[in-house]
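Visitor: The following comprises the amino acid sequence and a computationally predicted model.
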Amino acid sequence: MSPWIIGFGVFFVYPLLATVFLSFTSYDLISDPIWVGVKNYVFMFTSDPLVWTAIRNTTYLVVAITIGRVGYALASAMVLSKVRRGSGVFRTLFYLPALAPPVAAALAFVFLFNPGTGPVNQVLGWFGIKGLLWFNDPLLAKPALTVLALWASGEIMVILLAALLDVPTEYYEAAALDGAGSFTRFWHITLPTIAPVLTFAVINSIIVGLQYFTEAVVAGAVASGSSDAVGSGTQLGYPDNSTLTFPMWLYQQGFHYYNMGYASTMAIVLFIVSAIFTVILVRQLRKSGMTEED
Amino acid sequence: MAIATHAGAPLTRTKSSQAKRRDFLAWIALHAVAIAMAIGFLAPLVFVLLTAFMTDQQALTKDLWPQTWQWQNFGAVFEKAPLLRYFGQSLTYSVLSTVGMLISSVPIAYGLARLKWKGRTWAFYLVIVAMMLPPQVIAVPMYVLWAKAGLTGTLWPLIIPNFFGDAFSIFLIRQFLISIPQSYIDAARIDGASELGILWRIVIPMAKPGLAAAALFMFLRTWNDYFGPLLYTGESPANWTLSVGLASFRSVHQVQWNLTMAATVLVMLPVIILFFFAQKSFIEGIKLSGVK
């Protein structure tokens, strides 16, 4: 146990406490932190010109990614649970994109969605939909990122598929004898049985959405066409700050402007929000007795 | 792991011809949806691959199929960026992290799953809290700590913590260990085996599938990681990983979609190969991570 106690102390407890402390200071990494009280918190909620944009973007992505990812994964898992011939091949194909490194996936999607020659706009063109700018349009950049998240939703799909196949078939047979239709069966048997796994999928997606960083950074930088190195900050949130997420703004404040006190303040806000969802998950664990296994 | 065996079992054997026709139409509809979805998942990869084979000029047109197959694109990307060095860095990061995780996390997971001690449940909750913590939350003090240790600019700040346990891996291995029958462990204990002996000779051999899954996920997570390497090596190109290098690849050659896509393919390839060799472990691991 002792290595973990060291690890837990040095890599979890200490940085959390230090973040709380630093959030009340002004700190630039070179000189010692200066205590400023709640000034950072006041600045964040009243004066930071971009933090509300970042909060709005992250909220948008959390909602869109959670609904999209869980909904699409549930739909694809239900299809997979019914397919008998070639189910292994289908499962592999559905899951494969989830493995793609996020940087590579983001690059691929900027290419696929590029307005001039991208395959997506070509296909849409067959249906008379023309000229969408996707990653270059402040209104469409986040929907394009959401599509990317759907494409990579394979892990949630595998978890939901396992849960769907665990629903005892007798339940369905009994319901069929009672003359229940497929919607009734889904609503009254499938959903209640997989509810705990569904809750996990939702919370997992929320946490993924809250820390959304890589795809937005890479897609914004590549679509902007700027030749600055990715992560250098000049094209952050392109187009028009529409892809600037909360963790990206935190990173920018802390590691490009060296406002490390203020970045810590943002980190505390991120921690509180994600802790709320973690508590919901832990409560669910207690309820389902997962921790009293023996 | 026969996933599809008991799905959609026929309810009755004797059916009217009308019902049979309805079932057949439902079967067609189901497979049509499955195929459409499969195309949706696969098409992006196919377009990327096809573009990777085009010439510079053709990659800027609406063409979807290469006129000539430019195999040399995959060689050219190595001249444009030191991909081999990035590959080496990624491999170092992933392999050392995986080794460190296995050494440190197995005993902890065993303690959480199989030993009875006060506070065990709370320790497990803490593992979940640590697992769910966004990496950005503790980035500032960790960066300060590693800067003081003189290790920023390298990948060590990302590797070393794994030698002290990794929350997600602990969680995954614990989920597997609780499925091992207690009777094996009790029998060994009655025979006078020490806890370490039980762990080494009974638990680890039985837990191999779970350990394989945890190792694969650790490898994948570090291989795909961008935030960590960007944070610590962003200013030190000599220590970039494939993710950071790929993100910066286009900034030097921005309109060359063919080369960018070729590099993208090369970065995806190791992960895809790994998946095909270890598909079972992947699926097993994901199922374990699904909290009920």
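Guide: All right, it came through fine.
Visitor: Report pLDDT for residue 241.
Guide: In the absence of a named chain, this looks at chain A. The model reports residue A:241 with a pLDDT of 91.
Visitor: meant chain B, my bad for not saying
Guide: 95.
Visitor: ok, residue A:196 to chain B distance?
Guide: 5 Å (Cβ to the nearest Cβ, to the nearest Å). (Glycine included, C-beta is placed from N, CA and C.)
Visitor: From the centroid of chain B, which residue is nearest?
Guide: residue B:220 (3.0 Å; Cα atoms, centre = their mean).
Visitor: pretty sure that residue is in a strand, no?
Guide: No - Residue B:220 is assigned helix when assessed by DSSP: H, G, I helix; E, B strand; the rest coil, not a strand.
Visitor: surely it meets residue A:99?
Guide: Yes - between residue B:220 and residue A:99 there is a contact under Cβ atoms under 8 Å: 6.7 Å.
Visitor: The residue nearest to the centre of chain B: what's it in contact with?
Guide: Contact analysis of residue B:220 by Cβ atoms under 8 Å, 6 or more residues apart in numbering or on different chains lists A:99, B:271, B:274.
Visitor: what's the distance between it and residue A:218?
Guide: 18 Å (Cβ to Cβ, to the nearest Å).
Visitor: go on, residue B:250?
Guide: 9 Å.
Visitor: Residues that sit against both of these two, list them.
Guide: Common neighbours of residue B:250 and residue A:218 (Cβ under 8 Å, 6+ apart) are residue A:107.
Visitor: list residues touching both of residue B:220 and residue A:99?
Guide: residue B:271.
Visitor: and the residue lying closest to residue A:34 once chain neighbours are set aside, how many neighbours?
Guide: Once flanking residues are discounted, residue A:34 sits nearest to residue A:26: 4.7 Å by Cβ to Cβ, 6 or more residues apart in numbering or on different chains. A count of nearby residues for residue A:26, using other Cβ atoms under 10 Å in any protein chain shown, gives 16.
Visitor: thinking again about what came up before, ok, and the most crowded of the contacts of residue B:220?
Guide: Result: residue A:99 is most packed of those (other Cβ under 10 Å), 19 neighbours.
Visitor: Pull up the gap between the residue nearest to that one when sequence neighbours are not counted and residue B:264, please.
Guide: Leaving aside its sequence neighbours, residue A:99 sits nearest to residue B:271 (Cβ to Cβ, 6+ apart; 4.8 Å). From residue B:271 over to residue B:264 the distance is 12 Å, taken as Cβ to Cβ.
Visitor: any idea of the pLDDT on residue A:45?
Guide: 91.
Visitor: show me the residues around residue 259 that make contact.
Guide: In the absence of a named chain, this looks at chain A. Residue A:259 touches A:26, A:28, A:253, counting by Cβ under 8 Å, 6+ apart.
Visitor: nope, chain B please
Guide: Counting by Cβ under 8 Å, 6+ apart, the residues that residue B:259 touches are B:56, B:73, B:76, B:77, B:80, B:249, B:253.
Visitor: Identify the farthest-apart pair in those residues.
Guide: B:56 and B:249 (15.0 Å; Cβ to Cβ).
Visitor: Give me the more crowded residue out of the two.
Guide: Between residue B:56 and residue B:249, counted using other Cβ under 10 Å, the more crowded position is residue B:249 (27 against 15).
Visitor: in what helix or strand does the residue of chain A found nearest chain B lie?
Guide: Here chain A gets closest to chain B at one residue, residue A:7, 2.4 Å apart by Cβ to the nearest Cβ. Assigned by DSSP states H and E, residue A:7 belongs to helix A:2-8.
Visitor: Touching that helix from outside, list them.
Guide: Outside helix A:2-8, the residues that touch it by Cβ under 8 Å, 6+ apart are B:104, B:108, B:126, B:130, B:161, B:163, B:164, B:165.
Visitor: check contacts around residue 166.
Guide: Let's take chain A. Contacts of residue A:166 (Cβ under 8 Å, 6+ apart): A:193, A:194.
Visitor: My question was about chain B, not that one.
Guide: Neighbours of residue B:166 in contact, by Cβ under 8 Å, 6+ apart: B:97, B:101, B:104, B:105, B:218.
Visitor: Now the element after the one helix or strand the second one maps to, going C-ward?
Guide: Following DSSP H and E, one finds residue B:101 within helix B:83-114. Taking DSSP H and E as the definition, the helix or strand that follows helix B:83-114 towards the C-terminus is helix B:120-132.
Visitor: quick one: that next one to helix B:83-114, angle?
Guide: 160 degrees (axes from the mean of the first three to the mean of the last three Cα atoms, to 10 degrees).
Visitor: Now the residue in chain B that chain A sits nearest to: closest residue in space, sequence neighbours ignored.
Guide: Nearest to chain A in chain B, going by Cβ to the nearest Cβ, is residue B:164, at a distance of 2.4 Å. Excluding the flanking residues, the one nearest residue B:164 by Cβ to Cβ, 6+ apart is residue A:7, at 2.4 Å.
Visitor: What strand or helix carries residue A:88?
Guide: helix A:87-95.
Visitor: Give me the next element, helix or strand, following that helix.
Guide: helix A:102-112.
Visitor: Low-confidence ranges, the chain, go.
Guide: No chain specified, so I'll use chain A. Residues of chain A meeting the criterion pLDDT under 70: A:1-3, A:226-234, A:289-294.
Visitor: my question was about chain B
Guide: In chain B, residues with pLDDT under 70: B:1-15, B:251-255, B:290-292.
Visitor: Domain boundaries for it, per the record?
Guide: B:18-74, B:80-290 (automatic domain parsing).
Visitor: name the helices or strands packed onto the helix holding residue B:101?
Guide: Helix B:83-114 sits against helix A:2-8, helix B:120-132, helix B:156-159, helix B:167-177, helix B:208-224, helix B:242-252, with contacts defined as 3 or more Cβ pairs under 8 Å, 6 or more residues apart in numbering or on different chains; DSSP states H and E.
Visitor: Adding distance to residue A:279 as columns, could you present those in a markdown table?
Guide: Listed next are those as a markdown table, based on distance: least, Cβ to Cβ, whole Å:
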| stretch | distance to residue A:279 |
| --- | --- |
| helix A:2-8 | 19 |
| helix B:120-132 | 9 |
| helix B:156-159 | 28 |
| helix B:167-177 | 16 |
| helix B:208-224 | 24 |
| helix B:242-252 | 32 |
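Visitor: Tell me the helix or strand right after the helix or strand where residue B:26 lies.
Guide: Using DSSP H and E, residue B:26 sits within helix B:17-52. Sequence-wise, the next helix or strand downstream of helix B:17-52 (DSSP H and E) is helix B:56-59.
Visitor: Does whichever helix or strand comes after that following helix reach chain A?
Guide: Following helix B:56-59 in sequence order, the next helix or strand is helix B:73-80 (DSSP H and E). No - Helix B:73-80 lies out of reach of chain A by Cβ under 8 Å from any Cβ of the partner chain, never closer than 12.6 Å.
Visitor: How far off centre is helix B:73-80?
Guide: 26 Å (Cα atoms, centre = their mean, to the nearest Å).
Visitor: Which residue is most remote from the mean position of chain A?
Guide: Largest centroid distance in chain A under Cα atoms, centre = their mean is residue A:177 at 41.6 Å.
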